[in-house]
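Peer 1: Sequence and predicted structure below; questions after.
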Amino acid sequence: MKKTNSNSMTKVGLTGGIGSGKTTVSNFLLNYGIPVYNSDSQGKILMNTNLELKNDIVSIFGESVYDNGILNTNLLSSIVFNDPKKIEKLNNLVHPKVSEDFNQWIEKNNNKPIIVKEAAILIESGAYLNMDKIILIVSDKSTRINRVSKRDDSDLESIEKRINLQLTDDEKIKYADYIIKNNSSLEYLKLEVIKVLNKIKDVN
Ligand code: ATP
């Protein structure tokens with residue numbers, strides 16, 4: 001992937017399927033002083049704070065998705081994860097707001113040599129096109145399902161349904177500059193992250 005900006009900042013996109021370990025890797029990166037923008041958690045914040053976005057969500061999904069102005073994420077998830085057209089509609093509303101917010105965040109970090117944007121659907125949304133390098137975290141489906149069910153106390157069937165809505169790892173690999181396998185221990189994962197970080201610094 002080519003550099004998208006003329007200054008010396010390298011924008012790194014970090015992606016992977018549900019439960020692959022994106023946030024775990026982001027936390028390692030934050031510990032190494034690399035600023036990370038978490039698109040998924042920022043998207044949720046914007047769905048609660050951006051008035052224009054809230055109005056658009058209500059107009060499509062109804063008043064009941066907000067309880068006293070707070071998004072009922074379980075209700076919204078149950079609506080969209082059963083209907084791929086609805087998930088697309090929601091993504092089409094949230095994605096431009098996240099992009100706007102990300103651009104403002106970049107301005108605040110414009111003196112940093114490397115910044116990272118974490119996003120579950122970085123490739124599917126096209127956001128990868130604005131990144132200089134892409135890191136893909138891959139992990140076996142059964143491992144991911146086990147990890148997420150433990151983390152969220154959620155049922156295996158609904159996790160598998162969400163996994164099946166995303167592109168497969170085989171499809172995502174085509175877009176990746178660096179692939180990190182996360183089927184082993186956290187110590188192993190940390191070493192893999194350091195290796196990739198050093199490679200990015202080398203070409204920076
Ligand atoms: P999501 O897309 O659902 O947000 P994610 O890709 O951000 O998931 P994480 O939240 O980082 O994934 O990881 C999922 C769970 O698995 C977390 O509870 C995390 O602590 C755990 N986990 C991740 N990697 C490992 C590992 N190598 N060993 C043990 N547990 C792990």
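Peer 2: That came through, no problem.

Peer 1: where's the nearest residue to Leu186 once chain neighbours are set aside relative to the ligand, distance?
Peer 2: Counting by CB to CB, 6 or more residues apart in numbering, Leu186 lies nearest to Thr24, which is 7.1 Å off, once chain neighbours are set aside. C-beta here means a position set from N, CA and C on the backbone, and glycine is covered the same way. According to CB to the nearest ligand atom, to the nearest Å, Thr24 stands 3 Å off from the ligand.

Peer 1: Could you do Leu14 as well?
Peer 2: Relative to the ligand, Leu14 is positioned 9 Å away (criterion: CB to the nearest ligand atom).

Peer 1: returning to that earlier point: number of residues surrounding the residue nearest to Leu186?
Peer 2: Around Thr24 there are 16 other residues, counting by other CB atoms under 10 Å.

Peer 1: Quick one: residues contacting it.
Peer 2: Applying CB atoms under 8 Å, 6 or more residues apart in numbering to Thr24 gives the contacts Asn182, Leu186, Leu189.

Peer 1: Please repeat the previous calculation with a cut-off of 10 Å.
Peer 2: Neighbouring residues of Thr24 by CB atoms under 10 Å, 6 or more residues apart in numbering: Ile137, Arg147, Asn182, Leu186, Leu189, Lys190, Val193.

Peer 1: Does it lie in a helix or a strand, and which?
Peer 2: Assigned by DSSP states H and E, Thr24 belongs to helix 22-31.

Peer 1: Tell me where this protein has helices.
Peer 2: Residue ranges of the helices in the chain, as given by DSSP state H, are 22-31, 39-49, 51-61, 73-80, 84-108, 141-152, 156-165, 169-173, 186-203.

Peer 1: Show me which residues of the lowest-mean-pLDDT helix or strand in the chain are buried.
Peer 2: Every helix and strand of the chain was ranked by mean pLDDT, DSSP states H and E. The lowest is helix 156-165, at a mean of 87. Residues Ser158, Ile159, Arg162, Ile163 are the ones in helix 156-165 that count as buried (16 or more other CB atoms under 10 Å).

Peer 1: thinking the last one is in contact with Thr143, fair?
Peer 2: No - taking CB atoms under 10 Å as the contact criterion, Ile163 and Thr143 are not neighbours in contact, 11.6 Å apart.

Peer 1: which residues do these two both contact?
Peer 2: Common neighbours of Ile163 and Thr143 (CB under 10 Å, 6+ apart) are Gly19, Ser20.

Peer 1: Many thanks, we can stop here.
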